[in-house]
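# after the sequence you'll find the predicted model.
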Amino acid sequence: MTIGSSVRHRRILIPFAAALLLAAATACAGPPAADQAAAPPERTPRSGDPAPPDHHSAVLPGRAGQEEDNAQAAVARQASVRGQKLAAAQRWGLAAPPRTAPPPPGTRPALIAGTNVLLHDGVPPVVYRVPTDQPVVFLTIDDGAEKDRELVRMLDDLKIPVSIFLSDYLARADYGYFRELQEQGAGINNHTINHPDLRRLDAAQQQQEICGQQDRLERELDTRPALFRPPYGEYTDATLQTAAGCGIRAIPLWTEEAFPDRIEWRYDDQRLHPGDIILTHFRAPGADWQGTMAQMLRRVIDTATAQGFALAGLDDYL
């Protein structure tokens, strides 16, 4: 063998030996597991590729901290509201903070004829008690003779809703007082121009009293009421027909009457019931009014709270 042929022979044997070594290593490693998929080839990410999935917790640490802060802030707000209600109750000498009324119903309760609801075709219903299962009662204030500033402050401070039934001859001296109550959320309603006993008036006179007060309240307070209360709770068929023609939706009477020193009850159990309508008046201390309007309101709130009721807005339910 020549030197050249020997070199060529070594060049052939070296690759051949390397191939034999590689085959032996592969045989020692064994075949890939049947349940393992071959890894895809790697590539360099390009602009526009979607972000890789986040395999960490679904709530990021920053978001979790924010949610915890929000929860703590909500608890702090609730505690602040409770503290404000307690402080307001103490300022006005209440036995306990008044209960908060539930949100008004989406639709007004259906009226069904019975002891507390009188229905007649084509005329507004006469209602002594609103049909509701909610633990609410309604405070209504009539006439408008006394313009008590303390009452305005107390209603606002305690966030107590009321419905007001105004007679023009008493309210006209200061409609601004009732406008302020209206801006605080009080409902404004009709109680005739001159507060007569409507049983003594003919149809034309009743229309002047009822529709005339509708017009007056629209001019003075920019509202045309849907509720009307006849003076003394007295009415005739002509009253109901006239009220319907003037745009009245319902005629609420009452189940209790509140004074600063007492509550007069219509029923023997002398307890509030869901939907009860409480009557009171804009009055100054006098022969039949032993105290102030703030004292009257305190008595109503304490009675309702002790019996498990909140005061709600009659205009929202009737």
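Structure received. Numbering: from 1, shown residues only.
# for the residue lying closest to Leu318 once chain neighbours are set aside, list the residues it contacts.
The shortest distance from Leu318 to any non-neighbouring residue, by CB to CB, 6 or more residues apart in numbering, is to Ala250 (4.9 Å). Where C-beta positions appear, they are placed from N, C-alpha and C, glycine not excepted. Neighbour list for Ala250: Leu111, Pro124, Pro125, Val126, Val127, Ala226, Leu227, Leu318 [criterion: CB atoms under 8 Å, 6 or more residues apart in numbering].
# the last one reaches Ile248, doesn't it?
Translated: Leu318. No: look at Leu318 against Ile248 with CB atoms under 8 Å: they stay out of range, at 11.2 Å.
# overlap in contacts of the two?
With CB under 8 Å, 6+ apart, Leu318 and Ile248 have common neighbours Leu227.
# Leu151 and Ile193, how far apart?
Per CB to CB, to the nearest Å, Leu151 is found 24 Å from Ile193.
# what do you get for Gly187?
On the measure of CB to CB, Gly187 and Ile193 end up 19 Å apart.
# could you point out which residue ranges in this protein have low pLDDT?
When residues are selected by pLDDT under 70, those of the chain lie in 1-61, 73-74, 78.
# now with 50, please.
Where the chain drops to pLDDT under 50, the residues are 1-40, 54-57.
# residue closest to the middle of it?
Pro103 (3.1 Å; CA atoms, centre = their mean).
# bridging residues for the residue nearest to Leu318?
Following DSSP bridges, Ala250 is listed with bridge partners Leu227.
# tell me how far it lies from Leu111.
Counting by CB to CB, the gap from Ala250 to Leu111 is 8 Å.
# overlap in contacts, these two.
Shared contacts of Ala250 and Leu111, defined by CB under 8 Å, 6+ apart, comprise Pro125, Val127.
# for stretch 304-312, buried residues please.
For stretch 304-312, burial by neighbour count (16 or more other CB atoms under 10 Å) applies to Ala304, Thr305, Phe309, Ala310, Leu311, Ala312.
# return the subset of the residues you listed lying in helices.
Ala304, Thr305 (DSSP state H).
# most widely separated two among the buried residues of stretch 304-312?
Thr305 and Ala312 (13.4 Å; CB to CB).
# name the residues of the helix or strand encompassing Asp69 that are buried.
Using DSSP states H and E, Asp69 maps to helix 61-91. Within helix 61-91, the residues scored as buried using 16+ other CB under 10 Å are Lys85, Ala88, Ala89.
# next, format those residues as JSON lines and append distance to Asp202.
Output for the buried residues of helix 61-91, formatted as JSON lines (distance: CB to CB, whole Å):
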{"residue": "Lys85", "distance to Asp202": "51"}
{"residue": "Ala88", "distance to Asp202": "49"}
{"residue": "Ala89", "distance to Asp202": "50"}
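# and the strands in the stretch 1-150 of the chain?
Ranges of strands in the stretch 1-150 of the chain, per DSSP state E, counting those that start in this stretch, are 117-118, 126-127, 136-143.
# figure out how far stretch 174-191 is from the centre of its chain.
21 Å (CA atoms, centre = their mean, to the nearest Å).
# just the CA atoms of it, as CSV, please.
The C-alpha coordinates for stretch 174-191 follow below in CSV (Å, rounded to 0.1, in the frame of the first residue of the first chain):
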residue,chain,number,x,y,z
ASP,A,174,-94.6,82.0,52.3
TYR,A,175,-94.5,79.5,49.5
GLY,A,176,-90.8,79.8,49.6
TYR,A,177,-90.8,77.8,52.9
PHE,A,178,-92.5,74.9,51.1
ARG,A,179,-90.3,75.2,48.1
GLU,A,180,-87.3,74.6,50.4
LEU,A,181,-89.0,71.4,51.8
GLN,A,182,-89.7,70.4,48.2
GLU,A,183,-86.0,70.8,47.3
GLN,A,184,-85.1,68.5,50.2
GLY,A,185,-87.4,65.8,48.6
ALA,A,186,-90.8,66.4,50.2
GLY,A,187,-93.8,65.6,48.0
ILE,A,188,-96.2,68.5,47.4
ASN,A,189,-99.9,67.7,47.1
ASN,A,190,-103.3,69.3,47.0
HIS,A,191,-105.5,70.2,50.0
